[in-house]
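Student: Have a look at this prediction, sequence included:
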Amino acid sequence: MTHVSDSGSDDSKRPTALVIERIEKLALNIMNCQAEEEHVWYKHLLLGILNSALLDYRYVESGVKHKSAYLAAWSCRNLLELNVITVYILESAKNATDFKNDFVVDVKEFYEAISKTHKTGHKKLISMWKEVNEGMEGPMKEAMEAALQREIQNGPQSQTTDDEAEAYTQVMIDFGIDPKLRPKQSRDIAKLVSRSEEFQPMFKVCSKIMHRTAFSIASSVMKGSLDATLPWLESTAFMELFSIGELIGEHYKRNGVASPTN
């Protein structure tokens, strides 16, 4: 992701723009550097975090520009999560490996969720189809009933995603990962790196704004009622972005893209 600015504009002189430029350069260096085979996954992890952080900060800026506290809060919360993940995967080799394992778990759960969606959606479709058929008569009713029976016989089209979920379950078994393992939540990671005190309050603020809670529903009645939070969200997001860049930048100076050894 590249930040393009007019070198003669005021924006290019802002500290925010300079920080973004430095992080983009770091991401480019990591992308282009050569990694030993056993560290390629860690290189991609570092690059993925930086790219995600830059993208999320752009969304914060967009939220502020368009006075969308919803978008700004969503992106700010993402940066909060990325920051504690960064601290976690830089802290030790075990942490980094545990987070790498979460990728396999995430993919397995992704395909499992799609399969469940197919199955529940199919049940709903059959139920609705039956209701529609009850109001029909004559040849149309017969044709619709025949089509309904074929749909019932075919069942939900979840075989492909079922197979993918099973394949990743087998990968977990092959690599000694508990098939019942669940990915770590960001709040749990924050606890593991002793960041809960600073992470949890802001995480809750963002969640209250971005989720359809009673608070966010009520705030939608009066346009602009959350505008006062925008500078705060932007400031918090920038601090998180800056921290992520500094942490990964320091690691890159010392160790390149090699994973921690301790």
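Tutor: Structure's in. What do you need?
Student: Would you map the helices across the stretch 1-150 of the chain?
Tutor: 15-32, 40-65, 69-91, 93-134, 138-154 (DSSP state H, counting those that start in this stretch).
Student: Can you list the low-confidence ranges for the stretch 101-250 of the chain?
Tutor: The stretch 101-250 of the chain contains no residues with pLDDT under 70.
Student: on that earlier part again, can you tell me which of the helices of the stretch 1-150 of the chain comes nearest to S186?
Tutor: Closest to S186 of these, according to C-beta to C-beta: helix 69-91, at 4.0 Å. No exception for glycine: its C-beta is placed from N, CA and C like everyone else's.
Student: Check which helices and strands that closest one is in contact with.
Tutor: If you count contacts as 3 or more C-beta pairs under 8 Å, 6 or more residues apart in numbering; DSSP states H and E, helix 69-91 packs onto helix 40-65, helix 93-134, helix 186-192, helix 196-210, helix 230-255.
Student: Just the pLDDT for the residue positioned nearest the centre of the chain.
Tutor: By C-alpha atoms, centre = their mean, the mean C-alpha position of the chain lies nearest to N78, the distance being 7.0 Å. pLDDT for N78: 98.
Student: And for T2?
Tutor: 42.
Student: Contacts only, for the residue nearest to the centre of the chain.
Tutor: Going by C-beta atoms under 8 Å, 6 or more residues apart in numbering, N78 touches S52, D56, Y59.
Student: in terms of contact, does the second one touch L71 like I think?
Tutor: No. The pair D56 and L71 fails to qualify as a contact (C-beta atoms under 8 Å) at a distance of 10.4 Å.
Student: Between these two, which has more neighbouring residues?
Tutor: D56 (23 against 20; other C-beta atoms under 10 Å).
Student: Contact partners for that one?
Tutor: S75, C76, N78, L79, L82, A237, L241.
Student: Please name the nearest non-neighbouring residue to the first one.
Tutor: Yep, that's S75 we're talking about. Leaving out its chain neighbours, the residue that sits closest to S75 by C-beta to C-beta, 6 or more residues apart in numbering is Y59, at 3.8 Å.
Student: swap in the fifth one?
Tutor: Taking C-beta to C-beta, 6+ apart, and ignoring the residues beside it in sequence, L82 has A53 as its nearest neighbour in space, at 5.1 Å.
Student: Highest mean neighbour count out of the helices of the stretch 1-150 of the chain?
Tutor: Most buried of the helices of the stretch 1-150 of the chain, by mean neighbour count (mean count of other C-beta atoms under 10 Å): helix 69-91, with a mean of 23.
Student: ok, back up a step: kindly indicate which of the contacts of N78 lies nearest A228.
Tutor: Closest to A228, out of all of these and judged by C-beta to C-beta, is Y59, at 19.5 Å.
Student: Closest to A35 out of the contacts of D56?
Tutor: L82 (21.1 Å).
Student: residues touching the closest one, list them.
Tutor: Applying C-beta under 8 Å, 6+ apart, the residues near L82 are I49, S52, A53, D56, E240, I244.
Student: confidence score at it?
Tutor: Looking at L82, the pLDDT reads 98.
Student: Then the one 5 residues further on?
Tutor: Reading off the confidence values, V87 has pLDDT 98.
Student: likewise G8?
Tutor: The predicted local confidence for G8 is 43.
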